[in-house]
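Participant: one predicted model, sequence on top.
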Amino acid sequence: MIKRNLYCSVCGREVEGDEEIYAKMKAPEKTAMVEIKAYLKKNSEIICKDCYKNNLKIKGS
Ligand SMILES: [Zn+2]
């Protein structure tokens, strides 16, 4: 089984297996649900929980 590591796009930290993550992505245009996985790989940014929280703080101030 090939394990694909995910890295936070903000801090570059490797995200752990059971860690909660957030994905930032553009809304797909006429994309069927079966293509979502491929779409996510190409168009999403993974953000770890810590950076997500920090982002919210920055935006809120
Ligand atoms: Zn991060």
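Facilitator: Everything's here; your move.

Participant: pLDDT on stretch 28-46, on average?
Facilitator: Mean pLDDT, stretch 28-46: 75.

Participant: name the residues that touch the one helix or strand Leu56 maps to?
Facilitator: According to DSSP states H and E, Leu56 maps onto helix 49-60. For helix 49-60, the surrounding residues in contact (Cβ atoms under 8 Å, 6 or more residues apart in numbering) are 8, 10-11, 19-22, 47. Bear in mind the C-beta positions are built from the backbone N, C-alpha and C, glycine included.

Participant: let's go with 7 Å and repeat that
Facilitator: 8, 10-11, 19-22 (Cβ atoms under 7 Å, 6 or more residues apart in numbering).

Participant: and it, which residues are buried?
Facilitator: 51-52 (16 or more other Cβ atoms under 10 Å).

Participant: mind checking how far it is from the chain centre?
Facilitator: In terms of Cα atoms, centre = their mean, to the nearest Å, the centre of helix 49-60 is found 14 Å from the chain centre.

Participant: same check, this time on stretch 26-44
Facilitator: What separates the centre of stretch 26-44 from the centre of its chain is 13 Å, taken as Cα atoms, centre = their mean.

Participant: start and end of that stretch, how far apart?
Facilitator: Stretch 26-44 has an end-to-end distance of 7 Å (criterion: Cα to Cα, to the nearest Å).

Participant: please, where are all the helices along the protein?
Facilitator: 36-43, 49-60 (DSSP state H).

Participant: identify the residues contacting Tyr7.
Facilitator: 13-15, 46.
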